[in-house]
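Novice: Everything below, folded, please.
(one chain, ligands or ions: 1)
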Amino acid sequence: MIKILRYLKPKEWILVSLSLVFIVAQVWLDLKSPDYMAEITVLVQTPGSAMRDIWLAGGKMLLCTLGSLASAIIVGFFAARIAATFSKQLRSLLFNKVESFSMEEINRFSTDSLITRSSNDITQIQILITMGLQLIIKAPIMVVWAITKIAGKGFEWMLTTGVAVAVLVVMVGFIMIFVIPKFKKMQTLTDNMNRITRENLTGLRVVRAYNAEDYQEKKFEEANEELTGTQLYTSRAMAILMPVIMMIMSGLSLAIYWIGAYLINAAEMMDKLTLFSNMVVFSSYAIQVIMSFMMLVMIFIMLPRAGVSAKRINEVLDTEPTILDGSQIDGASGLAGEVTFEHVSFKYPDAADYALEDISFTVKQGETIAFIGSTGSGKTTLVNLVPRFFDATEGEILIDGVNIKDYSLEALHNKIGYVPQKAVLFKGTVSSNVAYGDNGGDGFTSDEIRKAAAIAQGADFVEQMDGGYEADIAQGGTNLSGGQKQRLSIARAVCRKPEIYIFDDSFSALDYKTDRILRSALKKETAGVTSMIVAQRIGTIMDADQIIVLHEGKIAGKGKHKELLQTCEVYRQIAMSQLSEEELVS
Ligand SMILES: Nc1ncnc2c1ncn2[C@@H]1O[C@H](COP(=O)(O)OP(=O)(O)OP(=O)(O)O)[C@@H](O)[C@H]1O
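Specialist: Below is the predicted model of the structure:
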């Protein structure tokens, strides 16, 4: 918990210091009140006291109470401000950190856990600061101060107060031993709940189509029950704790007055008044001591859960991304768009086997290289190494003669127009989706957006949409068909005018005719740009300058379509399953 406080800004520390001043003032005022009460008690018991003096003492007591109230309100305001700005700061830090993560770190934490850490965990810290700042500072000061006030005012009363505090400490300790592990579990269970809810919402169509509502509900119910059970356990423990503290507090008052009655009874006439006044004052201070312990208990309730949350947030913030930024901006001159793999092997983190082994090839500027192979042969993995979504385990990848690790990530990504297997669209408009991101230039003009959409064969359907290029796109592009989404995704890559295109099975959602027209438009309009194409269809890649046939992560064949038909059995089998006899021999 302490570690996370390093993210508090100086301005917030100033507010914490000011809160400290007001809290000390509040404690002083709270502990001053009983002194005036003792004064009033003595005045009332002393014959011939002036009414004016009683009013004066009463007035001072009232001022103390009002002062304490004002201080509490001010501290409350400060605490709310510190908590809100600190949460904002943590949210931004987490967001930026997660953005710098490679797929390895994201998979390690899991998306659901990262969402809980950025929302629920931060809320726990916010609650602790809002409610706890006052208590954390006030309780210890109050305990020490109140004890010094009552010290020496009567051994019997001190002993009674000591016993009450001891009972309280044992009770709280006992409950905490059982409750703290549950708080830790609660955050993991919240992750689990988020995972199931998210899975259900994103896969809703499949859930319905397969009548899997009951199955999903059962999964949800199990997670929900477990979370509720844990919450109930902790709430019940706390529900026992509070009345017990109140009982100890009332019991202590009763014991002080009871002991007081005996002491006053046995005392000389002259000492009775002093003893009575001491008893009244002592009981007030003793209540303050117990109240302070009660505050400490509340801190103990909030602290473990917030502590767990702080640890989870720190875990993310302390994680160093495995993909480190280089500094190079430009590649070797005259090589714009050249990609070389030199004996590249790759193993997914925690995987036993290599997904790619000893891959070597070079594709020159303006050429098209295609990757084909059975499902799971490593095609996506291979192209994902180029934008450094993962780093190669062995070997080197060069772009324009420079190792991709030496480029700044921004410069590297500016060279690439990446179209993923599954089109990703963001909430906004057609234009904002096509002119997405930054390519290191001055942004994109509407002509460039239209041209990119036309090359991607998307102009016709965009113009028919309500609002054309300003038409709304729902989150995830749910108001578009698969092929339309894919075309906008391709237009986005075209619009940034990259040196290298990466099409990861990006044409599969298009019909054969559109696929062919789109590729010929791309070839014509973007001559000089290197293309790396992953495809399942032979028709999509048979014109490529170079085809790499992958089989179980290794290169099974390399060459042009006709050569491969002669030399590569894997390729021939794929081709035979897709092309007619005439197409094969032509
Ligand atoms: N994130 C991951 N973690 C661990 N293993 C993975 C991961 N992604 C893919 N793999 C494994 O790596 C291998 C290659 O997967 P890849 O997605 O590259 O295949 P692919 O040829 O693109 O398949 P497809 O044509 O079905 O898209 C597969 O065996 C797969 O199980």
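Novice: and residue 220, how far is that from residue 226?
Specialist: Taking Cβ to Cβ, to the nearest Å as the measure, residue 220 falls 11 Å from residue 226. Glycine gets a C-beta too; all of them are placed from N, C-alpha and C.
Novice: same question but for residue 380, I mixed them up
Specialist: Remark: distance between residue 380 and residue 226 (Cβ to Cβ) = 36 Å.
Novice: go on, residue 413?
Specialist: Taken as Cβ to Cβ, the span from residue 413 to residue 226 is 42 Å.
Novice: Could you do residue 301 as well?
Specialist: 21 Å.
Novice: And these two? Which one has more around it.
Specialist: Remark: of residue 301 and residue 226, residue 301 carries more neighbours, 22 against 15, as counted by other Cβ atoms under 10 Å.
Novice: What degree of burial does the nearest residue to that one once chain neighbours are set aside show, as a neighbour count?
Specialist: Spatial nearest neighbour of residue 301, excluding adjacent residues (Cβ to Cβ, 6 or more residues apart in numbering): residue 238 at 5.9 Å. Residue 238 has 14 neighbours, counted by other Cβ under 10 Å.
Novice: thinking residue 380 is in contact with residue 421, fair?
Specialist: Yes. Under the criterion of Cβ atoms under 8 Å, residue 380 is in contact with residue 421, at a separation of 6.2 Å.
Novice: Between these two, which contacts overlap?
Specialist: 504, 505, 534 (Cβ atoms under 8 Å, 6 or more residues apart in numbering).
Novice: thought the first one was touching residue 385?
Specialist: So that's residue 504. No. Residue 504 is not in contact with residue 385 according to Cβ under 8 Å; the separation is 11.8 Å.
Novice: Roughly how far does the residue nearest to residue 301 sit from the ligand?
Specialist: Distance of residue 238 to the ligand, computed by Cβ to the nearest ligand atom, to the nearest Å: 42 Å.
Novice: all helices for the stretch 251-400 of the chain, in order.
Specialist: 269-317, 379-384 (DSSP state H, counting those that start in this stretch).
Novice: quick one, which of those is packed in tightest?
Specialist: Of all the helices of the stretch 251-400 of the chain, helix 379-384 carries the top mean neighbour count, a mean of 22, counting by mean count of other Cβ atoms under 10 Å.
Novice: The stretch 301-450 of the chain against the ligand: which residues are in contact?
Specialist: 348, 351, 355, 373, 375, 376, 377, 378, 379, 380, 381 (Cβ under 6 Å from any ligand atom).
Novice: residue contacts, the third one?
Specialist: When contacts are counted by Cβ under 8 Å, 6+ apart, residue 355 is found next to 346, 347, 348, 378, 381, 553.
Novice: can you count the residues close to the nearest residue to residue 276 once chain neighbours are set aside?
Specialist: The shortest distance from residue 276 to any non-neighbouring residue, by Cβ to Cβ, 6+ apart, is to residue 264 (6.0 Å). Neighbourhood size, residue 264 [other Cβ under 10 Å]: 17.
Novice: Check residue 217 too.
Specialist: So residue 217, with other Cβ under 10 Å, has 13 neighbours.
Novice: Need the per-residue pLDDT for it.
Specialist: For residue 217, the pLDDT comes out at 94.
Novice: Same check on the one 3 residues further on?
Specialist: The per-residue pLDDT reported for residue 220 equals 94.
Novice: Wait, it touches residue 197, no?
Specialist: Yes. Contact criterion Cβ under 8 Å: residue 220 and residue 197 qualify, at 7.3 Å.
Novice: if we can go back for a sec, dump the contacts of residue 355 into JSON lines; add pLDDT as well.
Specialist: JSON lines is the format used below for the contacts of residue 355 (pLDDT from 0 to 100):
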{"residue": "346", "pLDDT": "95"}
{"residue": "347", "pLDDT": "93"}
{"residue": "348", "pLDDT": "91"}
{"residue": "378", "pLDDT": "92"}
{"residue": "381", "pLDDT": "94"}
{"residue": "553", "pLDDT": "92"}
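Novice: any idea which of those is closest to residue 565?
Specialist: residue 378 (22.0 Å; Cβ to Cβ).
Novice: domain parsing for this structure?
Specialist: As given by automatic domain parsing, the domain ranges for the chain are 3-317, 323-415+501-586, 421-497.
Novice: check contacts around the residue of the stretch 51-200 of the chain found nearest the ligand.
Specialist: Nearest to the ligand in the stretch 51-200 of the chain, going by Cβ to the nearest ligand atom, is residue 107, at a distance of 6.0 Å. By Cβ under 8 Å, 6+ apart, the residues touching residue 107 are residue 349.
Novice: so where's the protein uncertain?
Specialist: 580-586 (pLDDT under 70).
Novice: Centroid-nearest residue for it?
Specialist: Computing the C-alpha centroid of the chain and ranking residues by Cα atoms, centre = their mean puts residue 118 first, at 2.6 Å.
Novice: so that residue touches residue 94, yeah?
Specialist: Yes. Residue 118 lies in contact with residue 94 (Cβ under 8 Å); the separation is 4.8 Å.
Novice: quick revisit: closest to residue 509 among the contacts of residue 355?
Specialist: residue 381 (20.7 Å).
Novice: Find the nearest non-adjacent residue to the closest one, please.
Specialist: Per Cβ to Cβ, 6+ apart, closest to residue 381 is residue 355, 4.7 Å.
Novice: Look at residue 555 and tell me its secondary structure.
Specialist: strand (DSSP: H, G, I helix; E, B strand; the rest coil).
Novice: What is the burial count for it?
Specialist: 21.
Novice: That one touches residue 359, doesn't it?
Specialist: Yes. The pair residue 555 / residue 359 is scored as a contact, 6.1 Å apart, by Cβ under 8 Å.
Novice: any common contacting residues for those two?
Specialist: residue 548.
Novice: Could you identify which of the shared contacts of residue 380 and residue 421 has the most neighbours?
Specialist: residue 534 (26 neighbours).
Novice: My understanding was that it contacts residue 377; is that so?
Specialist: No. Here residue 534 does not reach residue 377: they are 10.2 Å apart, not a contact under Cβ under 8 Å.
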